[in-house]
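Asker: Got a predicted model here, sequence first, then my questions.
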Amino acid sequence: MDEGLREGIGQVAFVDHHVHAPFKRAHEIPLDDFRRPFTEASIPAVWTENIPTLIGYQWMVRELARLLHCEATEDAVLAARNAMAVVPYHRLLADAANLGACYADDLFAAGQCYPIDVWSEVLRRPVERVLRVETFVEQGYAACETLDDALERLTLEITSPARRLVSLKSIAGYRTGLAFDPPSAAQRQAAATAYRDLRDSALSTQHSALFVGRIADKALVDTIVWTALEAAAPQALPMQFHVAFGDDDIIMTKNDPTLMRALFAHEPFRAVPLVLLHCYPFHRQAAYLACTYPNVYADLGLTIPIIGPGAATVLAETLELCPTRQLLASTDGHMEPEFQWFAIFVWRWALARVLGQYVAWDILDGDTALATAHAILHDNALRIYQAEY
Ligand SMILES: [Zn+2]
C-alpha cells in the first residue's frame, strides 16, 4: 500500500451525493436493527441468520471495534455504540469518515427519518435535498385530481428555485424496471387511468395500509420520469436512478442500465446528468454507458460497503471503461449512521488499493492518482450537482 497516496485520499472530504437521513428513533437498537442496513431483504431470516456471516458486515464490526476501542464482536460493538449519546456518536462517525456535504433523498421511509435540516445540525455539515419523483407523486393524491394535475405539481416542485433541489431521483428500477418507453398517446391514456385508480384506492383506504396507492404501473412510471426529465433539462438538474441490486422485489433482468436507451437517445435530455446508482452486478454496463454518453455517470454506492473486500475488484472493473470524471462516490447510507461511515471507509480503502496498483505498475504517476481520487470523492459531485459544497 502506498502510504502517501492512502493519506492523501484520507484528506479529501467525501461529498455523499446519494444518502438518506438515518432513522430518528431510540438510539439504543437491538442487533437485528444494527444488521439491517446490510440487506434490503424483507425476510427476517436474512438478517437474523445470514448477514452475520457476510464478509462485508464482519469487516464493519471489526473496523467499528477499532473506532470505539472495544472487543471486535457484534455484542461488544453494539453495546459500545448504544452506550454513546446520539449526537456525539453521529459526529464521531462523520469526523472519522472526513464526511463533507450530504445530498439526501428525504422521501425514503418518509416520516421515520431525521428531517434534513435537523440531520444537518447533528452532523454539523450541509445537507442538500434530492427529490424522489415517484413518491412525490404518491404524496400528492389529495391535492391532485388528475394525472395532469399531478404532473403540473411535480414540474412546479422541480422548477421552483425556492425548493433548493440538487437532484432528482427515480426508483423506477424497483417498480417497473429501466426499459423506459418514450411518450405516446396510448401511454398517456394508460397512465391517466392508472393514476385515477391508484388515487381512488389511496384516498378510500386507511393511510396506514401498506402499498396502497404505490405507483408500480409502467405507463405511469415512464410518464412521471419523462416529465421530470423535461422539467430538469433547462436547469441541467441531475437525475439519479436506482440501478440493479436492492429490495427482494426487484426483477434483475429489468434493471440492466443499457435498457435506458430511450433516455440516452433523446437529444434534449443530454443536458441532464443521468447518475446510475449502485449498479452491481451491472457496473460494467454502467461503465460502458458512461464511456458512450457524455451525460451518463456511474456510482457504486450501496455496492461498495456490502461487497466489502470485493470493492477493489468492482472499482477496478468499473474503471476499465468509466472515464474518471464520470465516476461518483456515494454511500447510500440509510437506517443507522454506521453504514455511511463504513461505506466511506471502504471507498477510500478501494481507491488506495486500485490507484496505488496503477502507480506501482507505472500506469499513473502519484499526483495523477491522487487527483483522480479527489475527482471521484469530491470534485465530480460538485461539478455535476452545481453545488457549493
Ligand atoms: Zn438510496
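Answerer: All right, it came through fine.

Asker: C-alpha from now on. contacts and neighbour counts both.
Answerer: Noted.

Asker: just the strands in the stretch 251-389 of the chain please.
Answerer: 274-278, 296-299, 327-328 (DSSP state E, counting those that start in this stretch).

Asker: Identify all contacting residues around the last one.
Answerer: Contact with strand 327-328 is made by 297, 298, 299, 300, 376, 377, 380, 381, as judged by CA atoms under 8 Å, 6 or more residues apart in numbering.

Asker: Can you tell me the strand partners of it and which way each runs?
Answerer: strand 296-299 (parallel) (DSSP bridges).

Asker: for the one helix or strand residue 75 maps to, what is the average pLDDT?
Answerer: Assigned by DSSP states H and E, residue 75 falls within helix 74-83. Taken as a whole, helix 74-83 has a mean pLDDT of 98.

Asker: closest to residue 3 among the contacts of strand 327-328?
Answerer: For those, the closest approach to residue 3 (CA to CA) belongs to residue 377, at 18.2 Å.

Asker: So what's the model's average confidence on the helix or strand hosting residue 104?
Answerer: If you go by DSSP H and E, residue 104 is part of strand 99-105. The average pLDDT for strand 99-105 rounds to 97.

Asker: helices or strands up against that strand?
Answerer: strand 14-19, strand 127-132 (3 or more CA pairs under 8 Å, 6 or more residues apart in numbering; DSSP states H and E).

Asker: switch to 10 Å and redo it
Answerer: With contacts defined as 3 or more CA pairs under 10 Å, 6 or more residues apart in numbering; DSSP states H and E, strand 99-105 has these neighbours: strand 14-19, helix 86-97, helix 116-123, strand 127-132, strand 165-170, helix 337-360.

Asker: List the neighbouring strands of the first one plus their orientation.
Answerer: In the sheet containing strand 14-19, the strands it pairs with under DSSP bridges are strand 99-105 (parallel).

Asker: Could you export the strands of the stretch 251-389 of the chain as TSV, including mean neighbour count?
Answerer: Formatted as TSV, these follow (neighbours: other CA atoms under 10 Å):
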stretch	mean neighbour count
strand 274-278	27
strand 296-299	27
strand 327-328	26
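
Asker: Out of these, which is closest to residue 32?
Answerer: Between these, strand 274-278 lies closest to residue 32; by CA to CA that is 23.5 Å.

Asker: now the closest one, how far from the centre of its chain.
Answerer: Strand 274-278 has its C-alpha centroid displaced from the chain centroid by 8 Å (CA atoms, centre = their mean, to the nearest Å).

Asker: Next: stretch 343-357.
Answerer: 19 Å.

Asker: can I get the CA coordinates of it in CSV?
Answerer: Below are the C-alpha coordinates for stretch 343-357, written out as CSV (Å, rounded to 0.1, in the frame of the first residue of the first chain):
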residue,chain,number,x,y,z
ALA,A,343,-19.1,2.9,3.1
ILE,A,344,-16.7,5.9,3.1
PHE,A,345,-14.0,3.8,4.8
VAL,A,346,-14.3,1.1,2.1
TRP,A,347,-14.4,3.7,-0.7
ARG,A,348,-11.1,5.1,0.5
TRP,A,349,-9.6,1.6,1.0
ALA,A,350,-10.6,0.5,-2.5
LEU,A,351,-9.3,3.7,-4.2
ALA,A,352,-6.0,3.5,-2.3
ARG,A,353,-5.6,-0.2,-3.4
VAL,A,354,-6.6,0.2,-7.0
LEU,A,355,-4.9,3.6,-7.8
GLY,A,356,-1.9,2.5,-5.8
GLN,A,357,-1.6,-0.5,-8.0
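
Asker: got the buried residues for that stretch?
Answerer: Applying a neighbour-count criterion of 16 or more other CA atoms under 10 Å, one finds 343-357 buried in stretch 343-357.

Asker: Also stretch 226-244?
Answerer: 226-233, 236-244.

Asker: how distant is it from the center of its chain?
Answerer: With CA atoms, centre = their mean, you get 15 Å for stretch 226-244.

Asker: now do stretch 290-310
Answerer: 10 Å.

Asker: likewise stretch 281-299?
Answerer: 16 Å.

Asker: Next: stretch 24-32.
Answerer: 22 Å.

Asker: Having no further points to raise, I will conclude here.
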